[in-house]
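Asks: Here is a sequence with its predicted model. Questions after.
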Amino acid sequence: MVSSLPIRSILGVRVHAAMLEEVLALCSHAVETQAPMMIGVVNAAKIVNMRRDVLLRESVCSSDLVLADGMAVVWASRLLGQSLPERVAGIDLFESLLGVADREGWSVYFLGARQEVLENLVRAVQVRYPGVMVAGCRNGYFDEDEAESVATTIRNAQPDLLFVGMSPPKKELFLANYGRRMGVPVCHGVGGSFDVLAGKTKRAPVLWQLVGLEWFYRVLQEPSRLWRRYLVTNLVFAWLVACALVRRFLKISEGLPHGKAVPDEGLPK
């Protein structure tokens, strides 16, 4: 079913042109058929980091479904003639899947965050989504030599959904290395979403989300940890989009029909 979704190329990254409801339908199909599906998400910062981190790039690209997690990616897609229908934020998909799991009685496994945050998350989910069956949970602080054991524990728990709340590139690498082996129908890397549902941090107001400043709201809450990750990478992303626009304009001016999408030249080697 994923193959039926259009694919767009955003600065060389293949992103599925999907809406939230379509993604939820795909996830339901995966759970019903027990056919594993890995979901990856990209924002401006991750696309920039993928250009210099080969392992991160390969990990994201190995996902069955890649979604635009940031408004900057959606805006860039429209400027570059590779229009995406909407932003499918990782946290929105996370909460929506929990809602479906609540109704359907699906089981979930939470991997990531600090132990205190993880415990608060599980309590919050049990109150807000009482129909969700928690198959297990584990904090995200483990070494690479423990990763296989963690994956085995998750496989033995047999959850319908696996949510990985770790920072990039750790979550992408874990899912790329062990996602298929775990046999979980839906694997979704949700980044800092555990902190939000656990009450550790607040999500940006809707207006901030709509104008593409959710990243800045996060920086305001954790400036020492996040300012460089977002500020520098967002500036680089804007520069890359500007360069791509110039290339597209020059190609159009050389004789391509007006308005025709110009294929992205891909990531540098």
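Replies: Great, that's in hand.

Asks: make it CA atoms for all contacts and neighbour counts henceforth
Replies: Fine.

Asks: Tell me where the chain is predicted with low confidence.
Replies: 255-269 (pLDDT under 70).

Asks: My read is that residue 24 contacts residue 97, right?
Replies: Yes. Applying Cα atoms under 8 Å, one finds residue 24 in contact with residue 97, separated by 7.0 Å.

Asks: list the residues that contact both of the two?
Replies: Counting by Cα atoms under 8 Å, 6 or more residues apart in numbering, residue 24 and residue 97 have no common neighbour.

Asks: Tell me the buried residues in the longest helix along the chain?
Replies: Assignment by DSSP state H gives helix 223-253 as the longest helix of the chain. Buried positions in helix 223-253, judged by neighbour count with 16 or more other Cα atoms under 10 Å: 227, 229-230, 233-234, 236-237, 241, 244-245, 247-249, 252.

Asks: circling back: higher neighbour count, residue 24 and residue 97?
Replies: Per other Cα atoms under 10 Å, whichever of residue 24 and residue 97 has more neighbours is residue 97, with 22 against 15.

Asks: follow-up on the earlier one: show me what the longest helix of the chain is packed against.
Replies: Using 3 or more Cα pairs under 8 Å, 6 or more residues apart in numbering; DSSP states H and E as the contact definition, the elements that helix 223-253 packs against are helix 44-50, helix 214-221.

Asks: Contact partners for the residue most central in space within the chain?
Replies: With distances taken as Cα atoms, centre = their mean, residue 41 lies nearest the centre of the chain, 2.4 Å away. By Cα under 8 Å, 6+ apart, the contact list for residue 41 reads 60, 66, 67, 68, 69, 89, 90, 189.

Asks: what sits opposite it in the beta ladder?
Replies: Per DSSP bridges, residues listed as beta-bridge partners of residue 41: residue 67.

Asks: and the gap between it and residue 60?
Replies: 8 Å (Cα to Cα, to the nearest Å).

Asks: Mutual contacts of the two, please.
Replies: Joint contacts of residue 41 and residue 60 (Cα under 8 Å, 6+ apart) are residue 66.

Asks: residue boundaries of the helices in this protein?
Replies: Under the criterion DSSP H, helices of the chain are mapped to 20-33, 44-50, 54-61, 71-79, 90-104, 115-128, 144-157, 170-182, 193-197, 206-210, 214-221, 223-253.

Asks: could I get the helices and strands packed on helix 223-253 as a markdown table with distance to residue 111 and mean neighbour count?
Replies: Below are the helices and strands packed on helix 223-253 laid out as a markdown table (distance: least, Cα to Cα, whole Å; neighbours: other Cα atoms under 10 Å):
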| stretch | distance to residue 111 | mean neighbour count |
| --- | --- | --- |
| helix 44-50 | 20 | 22 |
| helix 214-221 | 21 | 17 |
